[in-house]
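Novice: all I have is the shape, not the residue letters:
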DNA sequence: GTGATTGCAAATCTTTTGCACTAAA
DNA sequence: TTTAGTGCAAAAGATTTGCAATCAC
């Protein structure tokens, strides 16, 4: 890898998405994209940034998460009333949701086969199809 | 008492669910279950009750929706960050979600075929599988 | 410089809670 | 009675907004 410019790939990624590579966006992108796929809430990410001595306000975390989502860098996952998760895996996939712990886990798109879907109603077109597999603790 | 009493079936339904048929629960049950399948938020239901001159506090609406859900009379649907919908169709089915309007529509369980699902991870067992088909306005 | 971005605090929105009051059994 | 249920107002979260200060280009 190129240790001299650790932010370089992230800079490009942001630029390609049409977002200015500001200090805050780069810091958050680093936390989000470098560790591999993950699911975070705004609060979590904000706490992480603080823990890593990156000064970013919570408002900016929200702004950034939404901008990244709008540009396709992230995907918003809604499974828990009153809390949004953001998924750094923006590809085709689904989710396990552990009801007990509130945790999310990716399920590769290939592991779920939707053999039949209804047609989109008149005036609409099909968007994403989200499959959430809810898991209960085994008794 | 006479079988023509309009609340009688609802009274039984509540009793069977182990819930006291109070004035408020009956009023809400009437709004929820008599018009056929529907999707409501707590605020909506509260407004409806007020409009029909049924005096029910918002806290009671929330309590009641959750009690009904716990007893299997309703199903909570989470698709919109920061708002919960309650679905009076508690049977096996999925949802269309109109992104533009925030509306939900039932999709009969038979119209979606999940031909393949991953196994539940160790220590867990499969719960419900929710399929949300997101719809965009046709451009 | 100029417009985009950020931080802060206040505001908003949904949902929950504590507790005294009321009503069903 | 006795206990579950209700209403109210306050509290708790999560998220958003307004606006002056700051930064990227």
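Specialist: Cool, the structure landed. This is a predicted model, so every value here is computed, not measured.
Novice: any stretches of chain A with poor pLDDT?
Specialist: By pLDDT under 70, the weakly predicted segments of chain A are A:1-8.
Novice: what do you get if the cut-off is 90, keeping everything else the same?
Specialist: Applying pLDDT under 90 to chain A flags the ranges A:1-10, A:36, A:80-83, A:90-91, A:98-103, A:136-139.
Novice: chain A: strands as residue ranges?
Specialist: With DSSP state E, the ranges of strands along chain A come out as A:39-40, A:75-80, A:83-87, A:93-98, A:103-108, A:113-116, A:124-137.
Novice: residues in contact with the residue of chain A found nearest DNA strand C?
Specialist: At 3.0 Å from DNA strand C, residue A:60 is the closest residue in chain A, using C-beta to the nearest atom of the strand. All C-beta atoms are positioned from the backbone trio N, CA, C, and that covers glycine. Listed by C-beta atoms under 8 Å, 6 or more residues apart in numbering or on different chains, the contact partners of residue A:60 are residue A:24.
Novice: can you check residue A:62 too?
Specialist: For residue A:62, the contact set (C-beta under 8 Å, 6+ apart) comprises residue A:42.
Novice: so which of the strands of chain A is nearest DNA strand D?
Specialist: Between the strands of chain A, strand A:83-87 lies closest to DNA strand D; by C-beta to the nearest atom of the strand that is 3.5 Å.
Novice: near DNA strand D at all, that closest one?
Specialist: Yes. Strand A:83-87 reaches DNA strand D (C-beta under 7 Å from any atom of the strand) through A:83, A:84.
Novice: which other helices and strands does that strand contact?
Specialist: Where contact means 3 or more C-beta pairs under 8 Å, 6 or more residues apart in numbering or on different chains; DSSP states H and E, strand A:83-87 is packed against strand A:39-40, helix A:42-51, helix A:58-70, strand A:75-80, strand A:103-108.
Novice: list the buried ones in it?
Specialist: Of the residues in strand A:83-87, A:84, A:85, A:86, A:87 count as buried by neighbour count, 16 or more other C-beta atoms under 10 Å in any protein chain shown.
Novice: contacting residues around it?
Specialist: The contact list for strand A:83-87 (C-beta under 8 Å, 6+ apart) reads A:32, A:37-42, A:45, A:65, A:68-69, A:74-79, A:95, A:102, A:104, A:106, B:81-82.
Novice: give me that answer again for 7 Å
Specialist: If you take C-beta atoms under 7 Å, 6 or more residues apart in numbering or on different chains as the criterion, strand A:83-87 is touched by A:39, A:40, A:41, A:65, A:69, A:74, A:75, A:76, A:77, A:78, A:104, B:81.
Novice: so how far is it from its chain's centroid?
Specialist: A distance of 7 Å separates the centroid of the chain from that of strand A:83-87, by C-alpha atoms, centre = their mean, to the nearest Å.
Novice: next, the angle from it to helix A:58-70.
Specialist: 50 degrees (axes from the mean of the first three to the mean of the last three C-alpha atoms, to 10 degrees).
Novice: distance of the residue of chain A closest to DNA strand C relative to DNA strand D?
Specialist: According to C-beta to the nearest atom of the strand, to the nearest Å, residue A:60 and DNA strand D sit 9 Å apart.
Novice: what residues does chain A put near DNA strand D?
Specialist: Counting by C-beta under 7 Å from any atom of the strand, the positions of chain A adjacent to DNA strand D are A:15, A:20-23, A:41-43, A:58-59, A:62-63, A:66, A:82-84.
Novice: quick check: the farthest pair among the residues you listed?
Specialist: Distance extremes for the residues of chain A next to DNA strand D: the farthest pair is A:15 and A:82 at 34.5 Å, using C-beta to C-beta.
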